[in-house]
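*Asks:* got a predicted model here, sequence first, then my questions.
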Amino acid sequence: MSWNKVAVVGAGLIKFGELFEQSYEQMAAGAFTAALAAVDKGIEPSAVDAVIVATQRGSLWGQEGIGGNTVPSAIGLSGIPCTRVENACPTGSDAFRIGAMVVASGVHDVVLVIGVEKMRDKSTQEGLLARAAAGHPLYNRGETAPVLFAPFATRHMYEFGTTPEMLASVAVKNHHNGCLDPYAHFQSEVTLEQVLTSPEVCSPLRLLDCCPQTDGAAAVILTTPERARDFTDKPVFVAGFGVATDHPYLHEKSTFVGLPATTLAAGRAFDMAGMAPADVDMAEVHDCFTITEILDIEDLGFVEKGKGGPASLEGETALDGRIPVNPSGGLLAKGHPIGATGIAQLTECWWQLREEAGERQVAIRNGIALQHNVGGRGSGVSVVNLLTRNA
Amino acid sequence: MRPVGVAAVGAAAPSLRLAAAEVGRAWGSSGGRAVVAVCDADEDTFTLAWRAATDALCAAGLHGSAVSGLWWGTTRPPFAEGPSHAFLASALGLPGTVEGALVSGSPHAGMEALAAAWDAVAAGHATVALVVASDALVPGLGTAGEATTGAGAAALVLVADGAAAANGSTGAVAGSPNGASPPARLVTRATRARPAVDRYRGDGDRATGDVYDGRLFREEVFVPLMAAAGGALSATDVSSWVLADPDGKLAGAVARRLGAPLASAAVQAALGDTGAASALLGLVHALAQDVAESAAAPRHIGVVGFGGGRATAVTVEALRAVPGAVPVEELGPGRPVGYTEALRARGQLEPMDDPIPMGLPPGGAAFVRGNAEMLGLHGARCRTCATISTPPSIHPTCIACGGVDLEIVSLARAGRVQTFVVNQTMPPPFQAPLPLVVVDLDDGARLMVQGSPDDAAALAVGDAVVLSLRRYALERGIPVYGYKAFRRPESDAAPGATPGPVAAAHKEGR
């Protein structure tokens, strides 16, 4: 595959959390300011040629019909070309992929990809839990978000002997990492015991197996390798990306011990980049629930299928492990403002590859990072992006 | 007129049992020793009717497509006005050409449905008539009816009695489905009426009010009408009586006056007054008694139903064991509940917060497209690779091979748990714990459906389950029905080991 290279020259986010005091527009402006400030040699806002907005559901703050023009107005760029992307939980990572393709195409030189999501303007009952009554009146009835992943935990435990402790070890690790990330929603340690005794939300998942409901925004600035020299001496490049889909209903899944969309997306990204899982120094993966991270590290090729539980329990994915996963704290500790999630993960990869991650910095050997999301009804879509600091 | 036989019967009782003592505790009264059957939150007269009818068809060895008319009697159809009959016909797999009627207005509706179906078969309009009598009464809070009114359903498959016709004078007609003469036949009937107010429910009332004066009702309305109707049956000797009984004491008085034993007391004792279902539910129970004796000398069972100032009596001649006949004890013991749980299940105790509305309006296009496939549990089978995609309306192509040559099939009603969760965290109207079960059906289809809260603690991967129709939602006044998974004993799980999936669920008391 022949395509023009793309560079990331700025990335930033706002502190994630229950941001009751901030509007959608204020969060967007905060993320844009952070991304501009991260550009080593400085950048004028007017240098941006186009905006890709990642917002998954305006319905959580009463704006069902949100389009692409809200954000340019909020960040002082009204008039600029702007398109909103929606692609379930990978909304942010897919917006990044699309932004990269826009730059690679040569149509626009400098593209802002910005993810913004309001998760807490409505009560939990009227917000995220209301999806229990959405979709097919029978075959989705009662399907809150944990229902999309908990059946995989049940089956993974049945087939591979994965234990609640193994699931809990993912939460313990990511909460630990979150303590080292000033942008994380949660910045407190949890113990295995605390995870295992937290209230059951959707068997076999307990409260601390689940990511919180988090408001947030994140932004990255993409440009050509040539223009990148104007902005930084330490650019990070897009090495490859992949998107894949699967059937949307849980009863259509061919397997309940893996998410085929992840495997397909990763294969495409690695092929495009000419890389393999063993080349990756660190990964930010979709850990909306503890079981999801276990499925991810198997489906992405970091560990053998069925071995994700023991690998997590034994520390292979810790900051100093064989393949550090979610040094930012992941969705479990940093939070999951859907449209912003992927962009924030890419921001973490950018910092890690530039070795600017402070206390949570992992060892960078090959200069390669992987970012991954999976979601939608039945985990029917996944996006994988590969970044490299190697020119 | 052609003689009419009973080819098979079926019966159903709901999941819950409420002791009158629990009602008494709530209101500071003695309560008494009675027990009544109560529908769980996802059961109603429709789901009970479906179960009884499914079992009757299964016992008759008939597919729904063989039925030419459905007569359904209930005081509380799922829609006071609406497509109740069409929904039930669809859920039972009856053809779109099916005739018949929904009879309502009083607990007498069950007997009216029987009489109308009898006439249709006798006149030659219907070859196979399905009679269903079901009810799930909702008594007024604080009324005596709380300790006496129950729920249940019975179904009869009526056919022209070819053998009797051959012996008689009406000439050759189509006989029972397998060519043999039916095991029971309808002989005579009589109706008596008096324009007196008994139990009633005004337009817009949610609960049924009690009789104004119990002694007045007994002496001037119930006992005289019942005895007159029963006494009017022509000369055949009635060996036992099945009698409607609004309070558990009145039937005995009528039986004494009619001079033969009461065969339906056990049904009243187990389930309470089942309204429109009571007479036919009593008949199904009576047909299951003393089958050996009837082989020697045919029995005549006198069945008298009551309601709305009318009583109708029918004589049923039992010649042999009737397929599907079950004593009430085998309809399951049910799960004992307290008063508040019974109220919540009946919708008489509701949270203040508005329930989360269903994303799709049940009157809308998605339901017009999807109702038949949801009620009938349809899938789309690929003629190329045999994979079943469910439901058909959202699957124009096969999920496995992408093929477009698909045929609609009715899915298997039993299978095994591939995986599951128990959801504990949902807004109203959902109630936790709610199992959601991915089932690998015996025909190879895979489906995710809701499970039973009763199974939440013990459910495991690999468990055998059976699917049964339940009410998923009551949305803007419209019931939404679909199939749910229930664990069944391993002994029933071998392929072909059960006569029908619904029967297996009954054995577990559902």
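*Replies:* Great, that's in hand.

*Asks:* how about the nearest residue to B:Gly359, chain neighbours excluded?
*Replies:* Among residues not flanking B:Gly359 along the chain, A:Ala134 sits closest, at 3.8 Å (C-beta to C-beta, 6 or more residues apart in numbering or on different chains). All C-beta atoms are positioned from the backbone trio N, CA, C, and that covers glycine.

*Asks:* how many residues are close by the one you found?
*Replies:* 18 (other C-beta atoms under 10 Å in any protein chain shown).

*Asks:* against A:Leu13, how distant is the residue most central in space within chain A?
*Replies:* Nearest residue to the geometric centre of chain A (C-alpha atoms, centre = their mean): A:Gly342, 3.1 Å. Distance, A:Gly342 to A:Leu13, by C-beta to C-beta, to the nearest Å: 11 Å.

*Asks:* what does the stretch 251-400 of chain B put close to chain A?
*Replies:* With C-beta under 8 Å from any C-beta of the partner chain as the criterion, the stretch 251-400 of chain B meets chain A at residues B:353, B:356-360, B:362, B:366-367, B:370, B:374, B:389-391, B:394, B:399.

*Asks:* tell me how far the helix or strand hosting the residue nearest to the centre of chain A lies from the chain's centre.
*Replies:* Using DSSP states H and E, A:Gly342 falls within helix A:338-353. From the chain centre to the centre of helix A:338-353 is a distance of 7 Å (C-alpha atoms, centre = their mean, to the nearest Å).

*Asks:* ditto for stretch A:127-144
*Replies:* Distance of stretch A:127-144 from the chain centroid (C-alpha atoms, centre = their mean) equals 23 Å.

*Asks:* do the same with stretch B:367-375
*Replies:* Distance, stretch centre to chain centre, for stretch B:367-375: 21 Å (C-alpha atoms, centre = their mean).

*Asks:* partners of A:Val374 in the sheet?
*Replies:* Judged by DSSP bridges, the bridge partners of A:Val374 are A:Ser382.

*Asks:* before we move on, what about B:Arg17?
*Replies:* When bridges are called by DSSP bridges, B:Arg17 pairs up with B:Ala37, B:Pro336.

*Asks:* thought it was touching B:Val35?
*Replies:* Yes. Using C-beta atoms under 8 Å, B:Arg17 is in contact with B:Val35, at 5.4 Å.

*Asks:* chain B - how does it break down into domains?
*Replies:* The record's domain parsing of chain B by automatic domain parsing lists B:4-345, B:378-411, B:413-510.

*Asks:* hmm, back to that, and the residue nearest to the centre of chain A, how close does it get to A:Gly92?
*Replies:* Between A:Gly342 and A:Gly92 the computed distance is 3 Å (C-beta to C-beta).

*Asks:* what's the helix ranked longest in chain B packed up against?
*Replies:* Ordering each helix of chain B by length in residues (DSSP state H) puts helix B:45-60 first. In terms of contacts (3 or more C-beta pairs under 8 Å, 6 or more residues apart in numbering or on different chains; DSSP states H and E), helix B:45-60 is packed against strand B:4-12, helix B:84-91, strand B:128-136, strand B:151-160, strand B:464-475, strand B:478-487, helix B:501-507.

*Asks:* and that helix, C-alpha only, in CSV?
*Replies:* Taking C-alpha atoms only, helix B:45-60 is exported to CSV below (Å, rounded to 0.1, in the frame of the first residue of the first chain):
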residue,chain,number,x,y,z
THR,B,45,-53.9,-14.0,30.4
PHE,B,46,-52.2,-14.0,27.0
THR,B,47,-49.1,-16.0,28.1
LEU,B,48,-51.2,-18.5,30.0
ALA,B,49,-53.5,-18.9,27.0
TRP,B,50,-50.5,-19.5,24.8
ARG,B,51,-49.2,-22.2,27.1
ALA,B,52,-52.4,-24.1,27.5
ALA,B,53,-53.1,-23.9,23.7
THR,B,54,-49.6,-24.9,22.8
ASP,B,55,-49.8,-27.9,25.0
ALA,B,56,-53.3,-28.9,23.7
LEU,B,57,-52.1,-28.7,20.1
CYS,B,58,-49.0,-30.6,21.0
ALA,B,59,-51.1,-33.3,22.7
ALA,B,60,-53.3,-33.5,19.7
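
*Asks:* after it, next one along is what?
*Replies:* Using DSSP H and E, the next helix or strand after helix B:45-60 towards the C-terminus is strand B:69-73.

*Asks:* contacting residues around that following strand?
*Replies:* B:49, B:84-85, B:88-89, B:92, B:94, B:98-104, B:109-114, B:116-117, B:120, B:125-126, B:128-134, B:276 (C-beta atoms under 8 Å, 6 or more residues apart in numbering or on different chains).

*Asks:* smallest gap between the stretch 251-400 of chain B and chain A, at which residue?
*Replies:* Nearest residue of the stretch 251-400 of chain B to chain A (C-beta to the nearest C-beta) works out as B:Gly359 at 3.8 Å.
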